[in-house]
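*Asks:* quick one: sequence and predicted model below, then my questions.
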4 protein chains.
Amino acid sequence: MNDPTAEISDIVELAPGKRAQTKAANRSAILDAAREVFSEMGFESATVRDIIRRTGLSVGAFYNYYRSKEEVFDALADDGARRFRPILQAQSAQATDFASYLRAAVGAYFNFIAAEHEAWTRNLDAENSPVHVRNTPELVAVFDEVRRAFGATLGRTMADDVDLDYLAASAIAVAREVGDLMLRRSPLDVEGATDFVVALLSGGVAGLPRPRV
Amino acid sequence: MNDPTAEISDIVELAPGKRAQTKAANRSAILDAAREVFSEMGFESATVRDIIRRTGLSVGAFYNYYRSKEEVFDALADDGARRFRPILQAQSAQATDFASYLRAAVGAYFNFIAAEHEAWTRNLDAENSPVHVRNTPELVAVFDEVRRAFGATLGRTMADDVDLDYLAASAIAVAREVGDLMLRRSPLDVEGATDFVVALLSGGVAGLPRPRV
Amino acid sequence: MNDPTAEISDIVELAPGKRAQTKAANRSAILDAAREVFSEMGFESATVRDIIRRTGLSVGAFYNYYRSKEEVFDALADDGARRFRPILQAQSAQATDFASYLRAAVGAYFNFIAAEHEAWTRNLDAENSPVHVRNTPELVAVFDEVRRAFGATLGRTMADDVDLDYLAASAIAVAREVGDLMLRRSPLDVEGATDFVVALLSGGVAGLPRPRV
Amino acid sequence: MNDPTAEISDIVELAPGKRAQTKAANRSAILDAAREVFSEMGFESATVRDIIRRTGLSVGAFYNYYRSKEEVFDALADDGARRFRPILQAQSAQATDFASYLRAAVGAYFNFIAAEHEAWTRNLDAENSPVHVRNTPELVAVFDEVRRAFGATLGRTMADDVDLDYLAASAIAVAREVGDLMLRRSPLDVEGATDFVVALLSGGVAGLPRPRV
DNA sequence: AATGAATGAGTGTTCATTCAT
DNA sequence: CATGAATGAACACTCATTCAT
């Protein structure tokens, strides 16, 4: 920055914006790596070196993009929320009753995590992992969003004398657990998982769909 | 202490069990402190010093009782499981159908965590806590047990072509979430929470009870 | 001590001096254990607990007999020297020339370590041991004694224009090394080892005896 | 530093090797410090902090260069062996009989330790040191090499019915002891020490040279 | 005296973060 | 901006020693 030759070579060697592109690429490379690493080892166990190792960058570079390990973690949450919220809202905008909202929201969520697949590996090996794994921050953010949206939709649909807090928490928990399990199975069956959650939360055990073997 | 003979035997010979009493007290003090600390900060973030600080003991004392940080963590799981499993089994022994088992199991769980109250403070301040919170190991153990029992009961009741994995995971997640919320509320309403969970899982949103304000 | 019944039972149950006997026995039990442990693990690696574990006594008892780990170590040296010095002196009293003194001294040393056998296990597994083993303090003391006696005898025998320091150090080193090797072999051959050392130091390689296979 | 072009290239681009130089310097500074510290206090007593204190570096820096305390210790052995072995081999290649090999080997060893002087300070203050001193790993490695070479040469010269193990161990022990003493004297007399060892091992006490006072 | 739980300074090692190059 | 060596606070854990019983 205080090196004038840098400016020149920028112009000569790089297309305009090329540097900005690299910057953005690095930022997101770190973010992606962090998502993986935090998923696999949890926030505390993950080291900054674990993260940058996957990017090919240097430790120093990490601190050029994020001020701390904590900051990437938060950025991850922001990122997840920023990308999922619009999807969720779009999907659920036209929902009129609880069941349709539920289906839209859960479907959106499952499609989202299915798309992120790799990155959301998260609990895939939770069974045998050292137990000390952690919530990806994106989940937290997403859950907050879902919780809010849920509350709103429910308020519109049902008499608000139902225990909304309990219901929202329950629905989110179910979506989360089933989502994790869904990712663990192959082939990936988003529709089946969505059907299950919607059915369970709408009609209870009695209305549950039969899985196709 | 409230045993007058203790004073006498103290002088002549060691009060039988006096030392053992202190040891047991310290052991459980460490266990309690560990439960709190792991709840508040998670396994990784929690330091051995965090734990012993709450007991007034020394670092060395910690290692007199547990061989490692890991071991207290495991002991916590054992402890929780050991105390809850029999309760759970007793309660659910006579259950004949899914609904009755569900009610017995969930009721047992909610009563258990309600009784542990203080100790199970767990996520009570999760909202404002440093985000990096974690599962208490006891929960893990208990959940495993519940999951197993659930599978068994369900097999008896329903055709086993329902997605048992999804269902067990969902039920456990719901019980957990609602249980946490329940503890956060006052007055404590175990019955209400139990009703909610049973109703939701049995009949879906439609059958949900109305909360008494 | 402030327990009057103890005094009584001491008199009733134990022969007079019995207590003193126990004390002496404990002292030497600790000493023996320490010799073994220091031999096997070296001073630094050996822990006080390692030592008392072999005596059946308690940590506290250890500090009743010795003020510190260091003190047992020193006591070991004193002990070794105290027991070996008279033997050495008796054996070498009538020696008139270097060769006869050498034979007497080396023989005495080899017999001594052979007798202590077990305790002097010392380097027996030095080859595969973690390298970080240490000189038993007894060796140090014994060596000092040998060195002194050597100097004296040599002065009498040879013109003192030979390099006494070099010679004494060499002879001690040879005795030590060969002694260690001797203990490693079976059957134990004190005479053969003595012959070797005497021959080597007296007449060099040329005069060496042939080993019996 | 004494390279004028360095200044220029420093500004434009990193001086090639400048960093590498510092790294190498630090590495060897740590190695040297470790040699001293291990010599003075032994492996167990020596702390990593003791070592780095002498380098002015930080604890962390130590682990930048060596993965563990153990590793520096081993590196020390490698280092010593790597540097001495070729010298030893070169010196002893043309030896035809035991006496000439002995002279070449011992001479090489004494010259080596004399050259290393400072570093090999080793036992110089062993007399008043905290007793708990230890073999520098380099000695171990070097001794192994000497032992091997000795066996080979002796096999050629003498009937192999002499006790080679005893002889090799003895010769090595003598060289070591005399070497230590030699370093303690001033002026340094490598030739005198070599003469002594060769004479003692070849012809025994009888053939010993007279020291020049 | 004997016991063994308690103490806490000290050890090896890790890792987020800084900064000279 | 990138690099990666340097830093040092912090951690889990050990162990000589003390001391109440």
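*Replies:* On my side now, so go ahead.

*Asks:* give the buried residues for stretch A:41-50.
*Replies:* Neighbour counts over stretch A:41-50 (16 or more other CB atoms under 10 Å in any protein chain shown) mark A:41-46, A:48, A:50 as buried. All C-beta atoms are positioned from the backbone trio N, CA, C, and that covers glycine.

*Asks:* may I have the distance across it, first residue to last?
*Replies:* Using CA to CA, to the nearest Å, one end of stretch A:41-50 lies 10 Å from the other.

*Asks:* can that stretch be said to contact DNA strand E?
*Replies:* Yes: using CB under 7 Å from any atom of the strand, stretch A:41-50 reaches DNA strand E at A:45-49.

*Asks:* also stretch A:21-32?
*Replies:* No: using CB under 7 Å from any atom of the strand, stretch A:21-32 stays clear of DNA strand E, coming no nearer than 12.6 Å.

*Asks:* hmm, back to that, which ones among the residues of stretch A:41-50 next to DNA strand E come in contact with chain D?
*Replies:* Contacts with chain D within these, counted by CB under 8 Å from any CB of the partner chain: none were found.

*Asks:* which ones among the residues you listed are found in strands?
*Replies:* Here DSSP state E is the test, and these give no hits in strands at all.

*Asks:* now render those residues as a markdown table, adding pLDDT.
*Replies:* Below are these laid out as a markdown table (pLDDT from 0 to 100):
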| residue | pLDDT |
| --- | --- |
| A:Ser45 | 90 |
| A:Ala46 | 93 |
| A:Thr47 | 96 |
| A:Val48 | 97 |
| A:Arg49 | 97 |
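
*Asks:* what's the closest of those residues to chain B?
*Replies:* Relative to chain B, the closest of the residues of stretch A:41-50 next to DNA strand E is A:Ser45; by CB to the nearest CB it sits at 5.7 Å.

*Asks:* give me the low-pLDDT residue ranges for chain A?
*Replies:* Flagging of chain A using pLDDT under 70 yields the residue ranges A:1-18, A:92, A:117-146, A:148-149, A:154-161, A:206, A:209-213.

*Asks:* near DNA strand F, which residues of it? Just list them.
*Replies:* Within reach of DNA strand F by CB under 7 Å from any atom of the strand, chain A has these residues: A:1, A:3, A:19-20, A:22-23, A:26, A:57-61, A:63-65.

*Asks:* so which of these is surrounded by the most neighbours?
*Replies:* A:Tyr65 (20 neighbours; other CB atoms under 10 Å in any protein chain shown).

*Asks:* which phi and psi does that residue have?
*Replies:* phi -100, psi -30 (degrees, to the nearest 10).

*Asks:* contacts only, for it.
*Replies:* Residues counted as contacts of A:Tyr65 (CB atoms under 8 Å, 6 or more residues apart in numbering or on different chains) are A:23, A:26-27, A:30.

*Asks:* now with 7 Å, please.
*Replies:* Contacts here follow CB atoms under 7 Å, 6 or more residues apart in numbering or on different chains; on that basis A:Tyr65 touches A:26-27, A:30.

*Asks:* show me those residues that map onto helices.
*Replies:* The helices, defined by DSSP state H, take in A:26-27, A:30 from the contacts of A:Tyr65.
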